[in-house]
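Q: Based on what follows, work out the 3D shape:
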Amino acid sequence: MASSRLFSIFNRKATKGKFVPEFNYYLFSFVTWIPAVIFFNGNVGELCRINGPSMYPYLNTTYDEDLKKDLCWVSKWNPTRTLERGMLVSFQSPNNPERLAIKRVIAIEGDIVHTRAPCPLPTVQVPVNHVWVEGDNRDRSRDSNTYGPLPKSLIQGKLTYILWPWKSSGPIHWRQFKGKTRVIRGRRQDAPNWD
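A: You can find the predicted model right below:
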């Protein structure tokens with residue numbers, strides 16, 4: 001019964017001769033925006049839902065209480081330019097390249113980091129074109145202590161705003177971050193060069 005009503009709507013549209021041109025117009029209008037959206041998401045910015053406990057308590061503040069996830073804006077405009085300690089970055093996970101990870105930059109080129117388990121070395125000097133990233137929840141984070149210094153080429157964006165939940169929405173104040181990892185600041189000129 002419902003299918004006959006549906007077909008009758010199409011038959012009426014077809015008899016008037018407007019269904020096909022209108023459908024083609026809307027389809028063409030929709031399809032022409034696809035490249036623009038892909039370009040925008042790949043080069044300008046995108047929305048990112050934060051999953052997992054690695055950035056708790058700064059992101060996903062209610063991770064232990066409910067299943068709500070934070071929604072953040074990721075700026076992809078020159079993501080590796082002017083990286084500083086404390087910034088939140090998104091990158092392709094070295095363990096699973098299909099997965100996007102979000103961590104905090106702890107050290108930049110030339111810095112010496114006092115590592116923690118499971119890293120086999122007590123200290124690591126961050127090489128040229130690499131950064132050291134860690135999650136805020138040290139007990140539940142796979143980070144540079146697992147896979148070593150992160151190449152800058154894997155970084156896809158910087159988190160700049162928290163959009164949801166409303167109580168924590170606003171710009172991300174990464175300059176106020178005081179990390180627990182001991183870092184001795186160095187100079188880029190002193191960093192080892194891994195080619």
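Q: Show me the longest strand that occurs in the chain.
A: Determined from DSSP state E, the single longest strand within the chain is strand 155-164.
Q: Which elements pack onto it?
A: Packed against strand 155-164, as judged by 3 or more CB pairs under 8 Å, 6 or more residues apart in numbering; DSSP states H and E, are the following elements: strand 45-49, strand 71-75, strand 88-92, strand 170-171. For every residue, glycine as well, the C-beta is placed using N, CA and C.
Q: Quick test: name the residue nearest the centre of the chain.
A: Nearest to the mean C-alpha position of the chain, by CA atoms, centre = their mean, lies S90 at 3.2 Å.
Q: for that residue, what are its contacts?
A: Contacts for S90 (CB atoms under 8 Å, 6 or more residues apart in numbering) come out as 48, 74, 100-102, 155-159.
Q: which sections of this protein are below the confidence cut-off?
A: Across the chain, the ranges flagged by pLDDT under 70 are 1-17, 64, 194-195.
Q: in it, which spans are helices?
A: Secondary structure of the chain (DSSP state H): helices located at 2-16, 19-43, 144-147.
Q: Tell me which residues are up against the shortest one.
A: Contacts with helix 144-147, where a contact means CB under 8 Å, 6+ apart, come from 94-95, 103, 106, 113, 115-119, 132-134, 150.
Q: Which of those sits closest to D66?
A: Nearest to D66, judged by CB to CB, of the contacts of helix 144-147 is K103 at 23.3 Å.
Q: pretty sure that closest one contacts G86?
A: No. K103 is beyond contact range of G86, at 11.5 Å (criterion: CB atoms under 8 Å).
Q: So between those two, which is more surrounded?
A: Taking neighbours as other CB atoms under 10 Å, K103 and G86 compare with K103 leading, 24 against 16.
Q: bridging residues for the more buried one?
A: V89 (DSSP bridges).
Q: any idea how far it is from I38?
A: In this view, K103 and I38 are 26 Å apart by CB to CB, to the nearest Å.
Q: ditto for L159
A: Taking CB to CB as the measure, L159 falls 21 Å from I38.
Q: The two: which is more packed in?
A: Counted by other CB under 10 Å, L159 and I38 do not tie: L159 has more neighbours, with 22 against 10.
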